[in-house]
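Engineer: Please find the sequence and the predicted model below.
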Amino acid sequence: SLTDIEEEIFGTDSGQWDSDGDGYYDGQEVFNLYNPKGTAPMKIIDSGIVQEYINPNWQYRLYYPVGWQVGAVDEEANQVLISALTGDYVEVNAFKKESKETFQDWFARKAGGQKYSELEIFSNRFLESGQRISDELAAYFVSGDNIYVLIYHPGASGFIPFRQVMVLLRQSFRPSKTLVEIPAQVILP
């Protein structure tokens, strides 16, 4: 499920489904936050192909590809852009909701043009529950009175070459430091 440009980012072989020969598809390893170019049981964060971003104000954490740029749009780092050289980027926004406001009410007020009924509930690799749009290009996480929104923006071509990078960000998102560990990858015979 990796595009050729994502294969370059992760250092995998676009001609092989399993670049490191450990029995797992390269895209499957990225999805589960394991290293697709190193024999199991290496986690992707230990591979040198991604790094962790920790927001200085909100303290959320996520992984992003080495070589991509991270920059806060405002002084409080409420809006952060994680950008590729191609012009594609993922926007990460942090919002405070009213303490008695439900996520559904907040969504109706803030997410113009989107339908709450089209969101799908998921749980990521750090056991954080979220909701995503069916095309997987936007995800929402609620933690107390905080709402975090990840949105993929394609470059000028309109093509979406970094769908699995978006999945990586979503799968690695944590609203704060967590004790949840990604289990060691089982080595297949």
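Structural biologist: Received, thanks.
Engineer: what bits of the chain have low per-residue confidence?
Structural biologist: 40, 189 (pLDDT under 70).
Engineer: And the strands in it?
Structural biologist: 50-54, 61-65, 69-72, 79-83, 89-96, 119-123, 129-133, 138-143, 146-153 (DSSP state E).
Engineer: Serialize these to a markdown table and add fields for distance to Glu29 and mean neighbour count.
Structural biologist: (Each C-beta comes from the backbone N, C-alpha and C, glycine too.) Shown next, in a markdown table, are those (distance: least, CB to CB, whole Å; neighbours: other CB atoms under 10 Å):
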| stretch | distance to Glu29 | mean neighbour count |
| --- | --- | --- |
| strand 50-54 | 12 | 16 |
| strand 61-65 | 13 | 21 |
| strand 69-72 | 23 | 14 |
| strand 79-83 | 21 | 19 |
| strand 89-96 | 20 | 20 |
| strand 119-123 | 18 | 13 |
| strand 129-133 | 20 | 18 |
| strand 138-143 | 20 | 21 |
| strand 146-153 | 20 | 19 |
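Engineer: for the ones you listed, which one sits closest to Thr102?
Structural biologist: Closest of the strands of the chain to Thr102 is strand 138-143, at 9.2 Å (criterion: CB to CB).
Engineer: chain center to the closest one: distance?
Structural biologist: Centre-to-centre, strand 138-143 and its host chain are 11 Å apart (CA atoms, centre = their mean, to the nearest Å).
Engineer: Contacts only, for the residue sitting nearest the centre point of the chain.
Structural biologist: Per CA atoms, centre = their mean, the C-alpha nearest to the average position across the chain is that of Leu169, at 1.3 Å. Shown in contact with Leu169 (CB atoms under 8 Å, 6 or more residues apart in numbering): 62-64, 82, 90, 92, 150.
Engineer: Out of those residues, which is nearest to Gly112?
Structural biologist: For the contacts of Leu169, the nearest to Gly112 is Leu150 (17.4 Å; CB to CB).
Engineer: Can you spell out which residues form a bridge with that closest one?
Structural biologist: Beta-bridge pairing for Leu150 (DSSP bridges): Val92, Ala139.
Engineer: ok, it touching Tyr89?
Structural biologist: No - in this structure, Leu150 is not within contact of Tyr89 by CB atoms under 8 Å, at 11.0 Å.
Engineer: mind checking how far Asp74 is from Ile187?
Structural biologist: Distance, Asp74 to Ile187, using CB to CB, to the nearest Å: 45 Å.
Engineer: try Arg170
Structural biologist: Counting by CB to CB - Arg170 and Ile187 are separated by 26 Å.
Engineer: more crowded one of those two?
Structural biologist: Arg170 (24 against 11; other CB atoms under 10 Å).
Engineer: for the closest residue in space to Ser83 that isn't next to it in sequence, what are its contacts?
Structural biologist: Counting by CB to CB, 6 or more residues apart in numbering, Tyr89 is the residue found nearest to Ser83 once chain neighbours are left out, at 4.0 Å. Tyr89 makes contact with 81-83, 152-153, according to CB under 8 Å, 6+ apart.
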